[in-house]
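Asks: this is a predicted model, with the sequence first.
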Amino acid sequence: MTSDPARAFWTLGSRLFLGPIPRPVWHEFLTRGFTKSGFKIQLDALERLLDAAEDVPFNIQQLANTCWEQLRASGGGTLTPNRVDEALVMLVTRENPSYTQLWNSLNRPHKTVLKAVIDEAGLNLRSAATLGRYRIASSTMHKTLKLLDDRGIVREEETVGAIRYRLEDPFFAAWLRQVQAN
């Protein structure tokens with residue numbers, strides 16, 4: 001919002017970059033919420049939830065809420081990794097119309113690059129090995145990543161010495177895996 005000339009807050013104030021919320025803080029927060037409602041939690045279930053949500057607060061909230069609703073509807077119990085997986089399936093199934101519309105709006109090279117982002121965890125997408133594996137030219141990979149970024153489907157994250165592409169909505173990857181498995 002502050003680094004794009006087209007945005008309302010361009011160059012307004014100092015920018016502060018926040019890192020991810022540490023997982024122990026999430027563990028404490030989620031444990032408190034689930035146990036306050038009378039549910040039990042397995043530690044590996046919390047890890048599965050955070051992994052599936054890619055540590056993004058909105059995604060964590062959305063998946064945790066689906067898990068909570070699932071536990072409530074079943075009369076209680078314990079949050080297990082299996083229950084997190086079931087909640088993830090419920091969540092992506094609910095979003096099926098929008099994910100289907102998005103997928104169908106992509107052409108073949110866009111779909112290929114998106115699959116590469118998912119399968120390669122967004123790393124080394126311009127390496128010869130990755131380009132060969134997906135049978136895509138370097139220039140096509142570069143242009144398509146930019147287009148997917150411009151459309152808000154992926155985003156580029158820079159760290160010291162590396163670039164990683166991530167889906168804006170990591171649940172889209174779960175949906176795609178589910179659809180391709182059927």
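Replies: Thanks, I have the structure now.

Asks: where does the protein dip in pLDDT?
Replies: Low-confidence segments of the chain, defined by pLDDT under 70, span residues 1-4, 10, 13, 15-18, 182.

Asks: top helix in it by residue count?
Replies: Counting residues, the longest helix in the chain under DSSP state H turns out to be helix 57-73.

Asks: what does it contact?
Replies: By CB atoms under 8 Å, 6 or more residues apart in numbering, the surrounding residues in contact with helix 57-73 are 21, 26, 30, 33-34, 37, 39, 49-50, 52-53, 77, 79, 83-84, 86-88, 90-91, 169-171. The way it works is simple: take the backbone N, C-alpha and C, and place the C-beta from them, glycine included.

Asks: again, only this time at 7 Å
Replies: Contacts made with helix 57-73 from outside it, assessed by CB atoms under 7 Å, 6 or more residues apart in numbering, are listed as 21, 26, 30, 34, 37, 39, 49-50, 52-53, 77, 79, 83-84, 86-88, 90-91, 170-171.

Asks: go on, stretch 162-175?
Replies: Contact with stretch 162-175 is made by 52-54, 59, 88, 91-92, 95-96, 99, 117-118, 122-123, 125, 145, 152-157, as judged by CB under 7 Å, 6+ apart.

Asks: buried stuff in that stretch?
Replies: Across stretch 162-175, burial judged by 16 or more other CB atoms under 10 Å covers 164-167, 169-175.

Asks: looking at the contacts of stretch 162-175, which are in strands?
Replies: Secondary structure assignment (DSSP state E) places 154-157 from the contacts of stretch 162-175 within strands.
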